[in-house]
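Trainee: can you look at this prediction? I've put the sequence above it.
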Amino acid sequence: MNWKSSITGIWLAVVIVVIPFVFNDLSFGQTQLTTHSFTDNPVIIEAVTLKGNHITRNRVICREMMFSPGDTVLAGDLDSLVAMTRENLMNTLLFNFVEAEILTGKDSSHVIVDFRFTERWYIWPVPILKISDRNFNVWWEAKDISRLSYGFDVIWHNFSGNKDNLTATLQFGYDRLFSVQYDFPYLNAKQTLGMGFGAGRWRQQETSYVTENNRQQFYQKPVAYARDDIFTFGQLLVRPGIYNSHLLEIRYDRHHFSDSLISQNIYYSIEDQNDVQYFSFRYLFKCDHRDYKPYPLQGYYADVEVIKRGFGIFQKPAMNIFQLTATFRKFWELQPRLYFASGINGMFTAGDNPQPYFLHRGIGYGRDIVRGYEYYVVDARHFVILKNNLKYAIIPQREDRIRFVRSEKFGRIFYALYLNIFLDAGYGYYDKKIALESNDLQNALLLGYGTGIDFSTYYDIVIRLEFSMNLMNEPGIYLHFMAPI
């Protein structure tokens, strides 16, 4: 690390110390819970009223509540119970706004909790113009329009008012995908069991076949398809309480690879086979106590996922891979408008060695990114990533209205703007006997740090613009569309 990197690190530290004092006197509006003052005497919840849920069924809303009509609670606890219920309802992602007010009932010992909802728009026939690279920054580096896919998604959230979702995809261009999926979370009267199922076909003329110099290399088959996948799955959803959930999935995959693709990498498939099919079992446990899932500021989140691919049903070739991943993220409000978040996640893989390349995952895919290394991938059997973020709310969440849009679903908005600094670290392990020498980020420490601006608004929209540095002293400006941790 040279003197330029040291100067950058010092500058970032100065920024985060000075900014809170610069903006200390600024004031911005923020939607708050309307409450009523009571003593610490017990109060009876006389009634709970729901207004504005024109599509969402009452039972779906009541499922998320921390209390019921007729309950007796301490008056001092009521505000926090209502606030927790509001968070739970926002995290269903069914509403843009949830407002609550505690009113006096028939006498001073009775209260009425009044909820008012602004439902989202649920039906999205969305045109697809999608990049086919791992992230926007990789695509932008080449700006290759031919690597765009087009078509449309029909996404119908809250299909029957029961928080169920129906999705159909017709995608053409660089990647061709035809799929359908349906999720229904409430099968039984207690609303603790749900189901999901789906199927699809994904065909690619071009696909990555090897990693060299820490970058994916792509093979393109001019005629027909380099890769043709068919999949189908069924899921059982179990949610016994508010914050913990379980998912069990049985899945079938069939992959067909062209001869020319297989010839590019002896480890691409299993035993150089063109056709690979297998069943998988997946179990996912989630414990979610975040205040707002799309962009959390307080609370914590943890998950554990187990995937077993191959059960010896199809003998030629036989798949045998076991994968364990785990995540923990914690979010703190250090003081008004100043927040800190830290997260750690990792993966452990056992079974086939080498693992076929078409199933390779490591650092650089999805959320598993060390910031500053967006252009690179680290293929790994095992990896761990640690992320840290300190942010200041330049504009705390505030509500506004787009005057020329009359619909409450679109005209009434909320937004927030944050300045942050971050420090990420990661390490990916790969068997040195089969690793390419050019992939020098394998079995090596990754470290990235920088500063950025985050914008968060309704419909789960998050836009992040970040400047970062890595251990190779490479500066970069990157754009992302999800929360950093």
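Mentor: Arrived safely.

Trainee: who does the longest strand belonging to the chain pair up with?
Mentor: For the chain, the strand that runs over the most residues, judged by DSSP state E, is strand 382-401. Its sheet considered, strand 382-401 pairs with strand 338-351 (antiparallel), strand 412-429 (antiparallel) by DSSP bridges.

Trainee: domain ranges for the chain?
Mentor: Here the domain parsing of the chain from automatic domain parsing is 42-119, 185-386.

Trainee: reformat the strands paired with strand 382-401 as TSV; add distance to residue 52.
Mentor: The C-beta positions use only the backbone N, C-alpha and C, and glycine is treated the same way. Converted to TSV, the strands paired with strand 382-401 look like this (distance: least, C-beta to C-beta, whole Å):
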stretch	distance to residue 52
strand 338-351	30
strand 412-429	12
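
Trainee: so which strand or helix has residue 464?
Mentor: Element membership for residue 464, per DSSP states H and E: strand 461-470.

Trainee: what packs against the next helix or strand along the chain from that strand?
Mentor: Beyond strand 461-470 on the C-terminal side, the first helix or strand identified by DSSP H and E is strand 475-480. With contacts defined as 3 or more C-beta pairs under 8 Å, 6 or more residues apart in numbering; DSSP states H and E, the packing partners of strand 475-480 are helix 136-142, strand 461-470.

Trainee: compute the inter-axis angle for strand 475-480 and strand 461-470.
Mentor: Interaxial angle of strand 475-480 relative to strand 461-470 (axes from the mean of the first three to the mean of the last three C-alpha atoms, to 10 degrees): 160 degrees.

Trainee: given strand 475-480, what are its sheet partners and their directions?
Mentor: Here strand 475-480 has these sheet partners by DSSP bridges: strand 461-470 (antiparallel).

Trainee: rewinding a little: mean confidence for the longest strand of the chain?
Mentor: Mean per-residue pLDDT for strand 382-401: 96.

Trainee: can you check stretch 284-295 too?
Mentor: 96.

Trainee: strands of the stretch 251-400 of the chain, residue ranges please.
Mentor: With strands called from DSSP state E, counting those that start in this stretch, the stretch 251-400 of the chain shows them at 275-288, 299-309, 321-335, 338-351, 362-363, 378-379, 382-401.

Trainee: now the element after the longest strand of the chain, going C-ward?
Mentor: Using DSSP H and E, the helix or strand that follows strand 382-401 in sequence is helix 408-411.

Trainee: please save the CA atoms from that following helix in PDB.
Mentor: This file holds the C-alpha atoms of helix 408-411, laid out as PDB (Å, rounded to 0.1, in the frame of the first residue of the first chain):
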ATOM      1  CA  GLU A 408     -51.400   7.500  -3.700                       C
ATOM      2  CA  LYS A 409     -49.500   4.400  -4.800                       C
ATOM      3  CA  PHE A 410     -47.000   6.500  -6.800                       C
ATOM      4  CA  GLY A 411     -47.500  10.100  -5.900                       C
END
